[in-house]
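Asker: Quick one, what's the 3D model for this:
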Amino acid sequence: MSTGTTATIRTRKFLTNRLLARKQMVYDVLHPGLLSVNKTEIREMLAAMYKVTPYVVVAFSFRTNFGGVRSTIFALSTIL
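Answerer: Next up is the predicted model:
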């Protein structure tokens, strides 16, 4: 897998949890031509979207659809 992939991130759900002081998000990642995208690349893309460092973004529960063109990702950001 090469670096500098052409993956597109689309937000499906966005929730601000003020009690736990974090943002909770569900994303659809479109990655045509690739089987999947690295977790670190996803974290860096999300950190750039919300203008935070990649260390405060936690991406988990990667679900790749059959065929490898689209994935669903849950993410948390600990800075409001």
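Asker: Compute the distance between N38 and F14, please.
Answerer: Going from N38 to F14 by C-beta to C-beta, to the nearest Å gives 23 Å. In this view, the C-beta of every residue, glycine as well, is placed from N, C-alpha and C.
Asker: tell me which element E41 is part of?
Answerer: Here E41, judged by DSSP states H and E, is contained in helix 39-50.
Asker: now for the following helix or strand past that helix, which elements pack on it?
Answerer: Next in sequence after helix 39-50, counting helices and strands by DSSP H and E, comes strand 57-64. Contacting strand 57-64 under the criterion 3 or more C-beta pairs under 8 Å, 6 or more residues apart in numbering; DSSP states H and E are the following elements: helix 39-50, strand 70-77.
Asker: Can you tell me which of those is most buried?
Answerer: Of all the helices and strands packed on strand 57-64, strand 70-77 has the most neighbours on average by mean count of other C-beta atoms under 10 Å, namely a mean of 18.
Asker: Indicate each strand paired with that one and its parallel or antiparallel sense.
Answerer: Strand 70-77 has its sheet partners listed here by DSSP bridges as strand 22-30 (antiparallel), strand 57-64 (antiparallel).
Asker: No further questions, thank you.
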